[in-house]
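Undergrad: Quick one, fold the following:
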Amino acid sequence: MSLIQKVSCHVVSAPVEKPFTSSRGWLYKNRGSCIVEIETADGIVGWGECYGPSAVSKAYIETQFAPRVVGRDAFDVEVIWEDLYNRVKDYGGRGMVTSAMSGIDIALWDIIGKSCNKPIHKLIGGAYRSEVDCYATGMYFIDMDRLVEEAIEEAQGYVEEGFTAVKMKIGLGDPKLDIARVAAVRQAIGDKTRLMVDANHCFTVPQAIRLGRELEKLGVEWFEEPISPEDIDGYVEVTRALDMAVAGGENEFTRWGFRDLVVRKAMDIVQPDVCAAGGISECRKIATLASAHGVECVPHAWGSAIGLAATLHFIAALPDQPPSFRPMPPLLEFEQCENPFRDHLSREPIVQRRGKVQIPTGAGLGIEVDRQVLDRYRVG
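TA: Purely as a prediction, here's the structure:
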């Protein structure tokens, strides 16, 4: 047995040199995270990460979850998940509470892997691939006087770094400007580089359909979060109206939250985040649900090296969608905004080479957390 002895939360934050924004309108001035550390009685340490406002996750873990986890066997990871979920579902089992559970779940899988001396993907079914194709998420709005120019320069930089796919932000309040910006990026990167767009749910259904038809002419591969995540009927309308794929789900949580999205085929691609939707345990269930209904699963990723590593193990264990002679395996989202926790928290950074990222092969998450980085950026 690997009895859990201690649960700790490390809230970290770092200023962003060049603040950026998306269609949501608020500036990202800092990057931060709630890092979960779980230690067993035999000295094994597991690491996890919670998506979203760090102080909220920390409060949930310290007041609600840690007392129920200490003393239990880390190998009972899904038993623990169900217990924690049922502890809080009377008060709302979605949102930040699920993000807090996600950090615990990932840390427990890290412990299990280290105890068995196996990478997590070997424990959740095995790896379909040793490396994954990745796409660069970027092209937020920084200089409002150079919106088109900065997008072109950034996209070209990603292609020069080796990325074969990029995703850019849209939702500037002027559809003509959005289209001009996407068209300029498409011309700059050429037809061979895959291009996706993300609206961060800022459009109405008619706006999304009109804009989507113009984006299709530019060879955009998928239209992410075109409308509000609560509007499932609207998603069905947009998805049926467009030939290109519609993606979403980063704001959804647990198998129950994804159930109607998948069963109704409200979108072509669901994007659960392992640090938000319930951890590795729950994202496996979401992916199975999606597969049973012919919906692709391409996880969302926005966080530190811990969340990135967890996402890589999850993707490694996803089958091709669908299997074929020349399959198109699920992509890894590799966001490129300034983030010291992505770049420096692991002693050996996770990097892309010519558009590909290697699946970690070490025990557990396969990364070694640098405690000096935690100490340097710790807040609260």
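
Undergrad: Contacts only, for Ser130.
TA: Ser130 makes contact with Ala316, Gln358, Ile359 under the criterion Cβ atoms under 8 Å, 6 or more residues apart in numbering. C-betas here are computed from N, CA, C, even on glycine.

Undergrad: Outline the domain layout of the protein.
TA: What the record gives for the chain is the domain set 4-117, 122-358, from automatic domain parsing.

Undergrad: now those domains as JSON lines including distance to Arg378?
TA: Formatted as JSON lines, those follow (distance: least, Cβ to Cβ, whole Å):
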{"stretch": "domain 4-117", "distance to Arg378": "6"}
{"stretch": "domain 122-358", "distance to Arg378": "12"}
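
Undergrad: Mind checking which of the contacts of Ser130 are in helices?
TA: Ala316 (DSSP state H).

Undergrad: Dump the contacts of Ser130 into TSV; add neighbour count and distance to Tyr235 as well.
TA: TSV is the format used below for the contacts of Ser130 (neighbours: other Cβ atoms under 10 Å; distance: Cβ to Cβ, whole Å):
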residue	neighbour count	distance to Tyr235
Ala316	25	28
Gln358	14	34
Ile359	21	31
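
Undergrad: Same list as before, the contacts of Ser130 that is, but in TSV and with distance to Lys167 included.
TA: What follows is those, written out as TSV (distance: Cβ to Cβ, whole Å):
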residue	distance to Lys167
Ala316	21
Gln358	21
Ile359	21
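
Undergrad: tell me the pLDDT at the residue most central in space within the chain?
TA: In the chain, the C-alpha nearest the mean C-alpha coordinate belongs to Ala301, at 2.0 Å (Cα atoms, centre = their mean). Ala301 carries a pLDDT value of 98.

Undergrad: Also Lys356?
TA: Lys356 is given a pLDDT of 97.

Undergrad: That one and Gly366, how far apart?
TA: To Gly366, Lys356 is 16 Å away according to Cβ to Cβ, to the nearest Å.

Undergrad: So for the two, which sits in the more crowded spot?
TA: Gly366 (23 against 16; other Cβ atoms under 10 Å).

Undergrad: Which residue is the nearest non-sequential neighbour of that one?
TA: Distances taken as Cβ to Cβ, 6 or more residues apart in numbering place Pro360 nearest to Gly366, at 2.7 Å, with adjacent residues excluded.

Undergrad: Please work out how many residues are found near the one you found.
TA: 23.

Undergrad: For it, give me its contacts.
TA: Pro119, Ala309, Leu312, His313, Ile350, Gly366, Ile367.

Undergrad: The second one touches Gly366, doesn't it?
TA: Yes: between Ala309 and Gly366 there is a contact under Cβ atoms under 8 Å: 6.1 Å.

Undergrad: For stretch 297-308, measure first residue to last.
TA: End-to-end distance for stretch 297-308, by Cα to Cα, to the nearest Å: 16 Å.

Undergrad: again with stretch 187-195
TA: Span of stretch 187-195 from end to end, Cα to Cα: 11 Å.

Undergrad: List of residues touching that stretch?
TA: 135, 152, 155-156, 159, 163-168, 182, 185-186, 218-221.

Undergrad: Need phi/psi at Val16.
TA: Backbone geometry at Val16, expressed as degrees, to the nearest 10, gives phi -100, psi 130.

Undergrad: What count of nearby residues applies to it?
TA: Neighbours of Val16 using other Cβ under 10 Å come to 15.

Undergrad: Tell me the spatial nearest neighbour of it, not counting adjacent residues.
TA: Glu338 (5.1 Å).

Undergrad: wait, is that neighbour part of a helix?
TA: No: looking at Glu338 with DSSP: H, G, I helix; E, B strand; the rest coil, it is coil, so not inside a helix.

Undergrad: correct me, but it touches Arg31?
TA: Yes: between Glu338 and Arg31 there is a contact under Cβ under 8 Å: 6.7 Å.

Undergrad: Looking at these two, which one has more neighbours?
TA: Arg31 (20 against 15).

Undergrad: Enumerate the beta-bridge partners assigned to the more buried one.
TA: Ala14 (DSSP bridges).

Undergrad: so who does it touch?
TA: Ser13, Ala14, Val16, Cys337, Glu338, Asn339, Pro340, Phe341.

Undergrad: give me that answer again for 7 Å
TA: Ala14, Val16, Glu338, Asn339, Phe341 (Cβ atoms under 7 Å, 6 or more residues apart in numbering).

Undergrad: Check Tyr135 too.
TA: Phe163, Ala165, Val166, Lys167, Arg194, Met196, Leu331, Glu333, Phe334.

Undergrad: Could you report the neighbour count for Ser22?
TA: Neighbour tally, Ser22, other Cβ under 10 Å: 19.

Undergrad: next one: Asp233
TA: For Asp233, using other Cβ under 10 Å, the count is 10.

Undergrad: and the helix or strand containing it, which residues are buried?
TA: Using DSSP states H and E, Asp233 falls within helix 232-241. Residues Ile232, Gly234, Tyr235, Val236, Glu237, Val238, Thr239 are the ones in helix 232-241 that count as buried (16 or more other Cβ atoms under 10 Å).

Undergrad: where's the nearest residue to the first one once chain neighbours are set aside, which helix or strand?
TA: With Cβ to Cβ, 6+ apart as the criterion, Ile232 has its nearest non-adjacent residue at 5.1 Å, and that residue is Ala266. No secondary structure element spans Ala266, as it lies outside all helices and strands (assigned by DSSP H and E).

Undergrad: so Ala266 sits right up against Gly234, yeah?
TA: No: with contact defined as Cβ atoms under 7 Å, Ala266 does not reach Gly234; the gap is 8.6 Å.
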